[in-house]
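[1] Give me a 3D structure for the following:
(one chain, ligands or ions: 1)
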Amino acid sequence: MIQFLDLKKLNEKHYDSISAALDKVLKSGWYILGESVNEFEKKFAAYCGSKYCIGVANGLDALSLIVKAYYIGEGDEVLVPSNTYIASILAVSSNGATPVLVEPALGTYNIDPANIEKHITDKTKAIMVVHLYGQSCDMGPINEIAKKYNLKVIEDCAQAHGAIYEGKKVGNLGDAAGFSFYPGKNLGALGDGGAITTNDEALYTKLVAYRNYGSHKKYENLYKGVNSRLDEIQAAVLSVKLDSLDNENNHRRTIANYYLENIKNDKITLPKVESESQHVWHVFVVRTENRDKLQKYLLDNAIQTIIHYPIPPHKQIAYEEWNHLSFEISEKIHNEILSLPISPVMTMDEVKKVVEVINNYE
Ligand SMILES: *Cc1c(COP(=O)(O)O)cnc(C)c1O
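    Numbers count the residues shown, from 1 in each chain. Modelled structure (predicted):
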């Protein structure tokens, strides 16, 4: 079986350096907000080219804390893509603000800048862009619209660690960005983890305290904060794995380019790559009319695939108030997409096998 993502194999590659890092934390006697988190925050900020990084408990917290720190809540609206993972939307609604769904472009699956302006009202406070599947959104026009209407731009970078837009890394393309280090992401911990990057000093100062009970100084509280800290252990693992992120992304790119050049089947639509952006291929998503049939055919040929995601946010039971709405592009995407195996530990023999099997699909 060609696995969609072999996490065990992926982390085993780093076995010695991860073990040494874990041993160091164990023996340090300091397990929360210490040297490892400090070091990782500095290293990750430098990697993204942003001034500041704040380690938090997970990707959802990273996004919802940004929304909260910008005082976006009850009565405010935030634009989000209609085909994103539910976390981007929860980050808005959990703060009492209203997510406003914006249709993506069918080719790239990313928010379509041409659809943004018609959704802006006097309640709109921010645009949450999601660099979905590993490709940066078209940030030029998005930042222009944000400037025109005085909106914050919040990036959801959970699937795009290391992706580049016009020479700048994601996480450094808006006002603030949220990252997830969930184990299966391009930069993954051995458990939950997340981070916020920003160049906004005031936001940084607030969030550093906010994630730790609103405390800037032990037992003194500036805000009614939360407990959302990145663990020392996870930070130590992430510092080790960050050193290999570019290499691992390059391997993903090699696989993606092989798929793009060699998959030749009228029934399959390949993802569109924007020339000005660098894709890090968190997932390789194709479209086909009879998706379930393709998925079964691949499984019968020992190839595991996943659907990111089978149900659009507006059709989820959790967002019942949206169930009557229709978002044609998003619905089409959700009905037709399938993610092929791609990972830093997939071999080129496996990639060739996938291409061969897909090219024989009828
Ligand atoms: C994974 C993911 C998140 C949430 O990350 P967690 O660490 O699981 O909370 C947010 N947005 C997107 C697009 C994701 O893929």
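
[2] Every contact and neighbour count from this point should use C-alpha atoms.
    Noted.

[3] Contacts for the helix or strand hosting residue 88 next, please.
    Assessed by DSSP states H and E, residue 88 sits inside helix 86-93. If you take CA atoms under 8 Å, 6 or more residues apart in numbering as the criterion, helix 86-93 is touched by 60-61, 63-65, 67, 73, 78, 80, 98-99, 128, 130, 156, 313.

[4] give me the subset of those residues touching the ligand.
    60, 156 (CA under 6 Å from any ligand atom).

[5] Can you list the helices and strands that whichever helix or strand comes after the helix holding residue 88 packs against?
    Towards the C-terminus, the helix or strand next in line after helix 86-93, according to DSSP H and E, is strand 98-102. If you count contacts as 3 or more CA pairs under 8 Å, 6 or more residues apart in numbering; DSSP states H and E, strand 98-102 packs onto strand 77-81, helix 86-93.

[6] Could you find the closest non-adjacent residue to the residue of the stretch 151-300 of the chain found nearest the ligand?
    Across the stretch 151-300 of the chain, the shortest distance to the ligand (CA to the nearest ligand atom) belongs to residue 180, at 4.1 Å. Among residues not flanking residue 180 along the chain, residue 59 sits closest, at 3.8 Å (CA to CA, 6 or more residues apart in numbering).

[7] and this structure, which of its residues are near the ligand?
    When proximity is defined as CA under 6 Å from any ligand atom, the chain approaches the ligand at 58-60, 85, 87-88, 156, 158-159, 180-182, 192-194.

[8] ok, how many other residues are close to residue 43?
    Other residues lying near residue 43 total 18 when counted by other CA atoms under 10 Å.

[9] List the residues that contact the closest residue to it other than its chain neighbours.
    Nearest residue to residue 43, sequence neighbours excluded (CA to CA, 6+ apart): residue 239, at 7.3 Å. Neighbour list for residue 239: 39, 40, 43 [criterion: CA under 8 Å, 6+ apart].

[10] Ok, residue 25 next?
    Neighbouring residues of residue 25 by CA under 8 Å, 6+ apart: 31, 36, 232, 233, 236.

[11] Over to residue 142?
    residue 113.

[12] Give the next helix or strand downstream of the helix or strand hosting it.
    For residue 142, the host element (DSSP H and E) is helix 139-149. Once the chain leaves helix 139-149, the next helix or strand it forms, by DSSP H and E, is strand 152-156.

[13] Tell me the helices and strands packed up against that next one.
    Other helices and strands packing on strand 152-156, by 3+ CA pairs under 8 Å, 6+ apart, are helix 59-69, strand 124-130, helix 139-149, strand 176-180.
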